[in-house]
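Novice: Sequence below, structure please.
(chains A and B)
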Amino acid sequence: GESVGLHLPTLSVQEGDNSIINCAYSNSASDYFIWYKQESGKGPQFIIDIRSNMDKRQGQRVTVLLNKTVKHLSLQIAATQPGDSAVYFCAENNNQGGKLIFGQGTELSVKP
Amino acid sequence: ETGVTQSPTHLIKTRGQQVTLRCSSQSGHNTVSWYQQALGQGPQFIFQYYREEENGRGNFPPRFSGLQFPNYSSELNVNALELDDSALYLCASSLKRQETQYFGPGTRLLVL
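Specialist: Have a look, this model is predicted:
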């Protein structure tokens, strides 16, 4: 069935290090991918997105990489800060009525 | 610019009751999507509304219904509440049906 999954449920990094969060998707028809950050007690916050005609997109301290050959998505966070601690979700849009399919999430913990 | 707002923030109901949750979309956004997020899981798509019409539905029973109003605000109604309906209900708005979805803070529903 359709699914977006994450390889690691938890990730612990030292402040200042780079973080990499991975995600696998199963639907080859998906053409739009988004990363969200969710802090405790809050709704998901948009971080960065990428369309299937690109393989890399950069934002402020974040980079998303898309490998359509192996259906893999990653989020790289440079110089990770304590404020980056949260659960990160990848989501895909496969053009089925605006439906976003979310993975289970990866909890990022940043140690000072 | 006002972001997505939801009300109430928390709600406690008993099994069999009915509940209505409300969402105001971000300024200029004409599309609203609803998601259910169980504890420790990623959000699950319930349905999307565009120009007051349902534009896609996830795997939820008919007792989950919705409305969108001319000002693009929306309601989610759940009848005959079950214990498993306890979750965080998220509303997201977007400029168009296939564009980036921005989430509100959610309504935490507890069914006893």
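
Novice: And the average pLDDT for stretch B:7-20 is what?
Specialist: Averaged over stretch B:7-20, pLDDT sits at 98.

Novice: One more: stretch B:28-35?
Specialist: Here the average pLDDT along stretch B:28-35 is 94.

Novice: ok, now stretch B:104-112?
Specialist: 97.

Novice: CA-only coordinates of that stretch, as CSV, when you get a sec.
Specialist: Taking C-alpha atoms only, stretch B:104-112 is exported to CSV below (Å, rounded to 0.1, in the frame of the first residue of the first chain):
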residue,chain,number,x,y,z
GLY,B,104,-3.1,25.2,12.8
PRO,B,105,-2.3,24.3,16.4
GLY,B,106,-4.9,21.6,16.5
THR,B,107,-7.8,20.6,18.8
ARG,B,108,-7.1,17.9,21.4
LEU,B,109,-10.1,15.7,21.7
LEU,B,110,-10.5,13.2,24.5
VAL,B,111,-13.4,10.7,24.4
LEU,B,112,-14.2,9.0,27.7
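
Novice: ok now that stretch, how far from the chain's centre?
Specialist: 10 Å (C-alpha atoms, centre = their mean, to the nearest Å).

Novice: Any residue of it touching chain A?
Specialist: Yes - judged by C-beta under 8 Å from any C-beta of the partner chain, stretch B:104-112 and chain A are in contact via B:104-106. Where you see a C-beta, it was placed from the backbone N, CA and C, and this is true even at glycine.

Novice: for stretch B:30-37, same thing?
Specialist: Yes - using C-beta under 8 Å from any C-beta, we find that stretch B:30-37 touches chain A at B:31, B:33, B:35.

Novice: Select from the residues of stretch B:104-112 next to chain A the one having the most neighbours.
Specialist: Tallying neighbours with other C-beta atoms under 10 Å in any protein chain shown puts residue B:106 at the head of those, with 25 neighbours.

Novice: Residue B:6 is in contact with that one, correct?
Specialist: Yes - counting by C-beta atoms under 8 Å, residue B:6 is a contact partner of residue B:106 at 6.2 Å.

Novice: Nearest residue to residue B:63 in space, please, no chain neighbours.
Specialist: residue B:79 (4.3 Å; C-beta to C-beta, 6 or more residues apart in numbering or on different chains).

Novice: That neighbour touches residue B:20, doesn't it?
Specialist: No - with contact taken as C-beta under 8 Å, residue B:79 and residue B:20 are classed as non-touching, separated by 10.1 Å.

Novice: residues from chain B in reach of chain A?
Specialist: Residues of chain B lying near chain A (C-beta under 8 Å from any C-beta): B:4, B:31, B:33, B:35, B:40-45, B:48, B:50, B:55-58, B:90, B:92, B:94, B:97-98, B:100-106.
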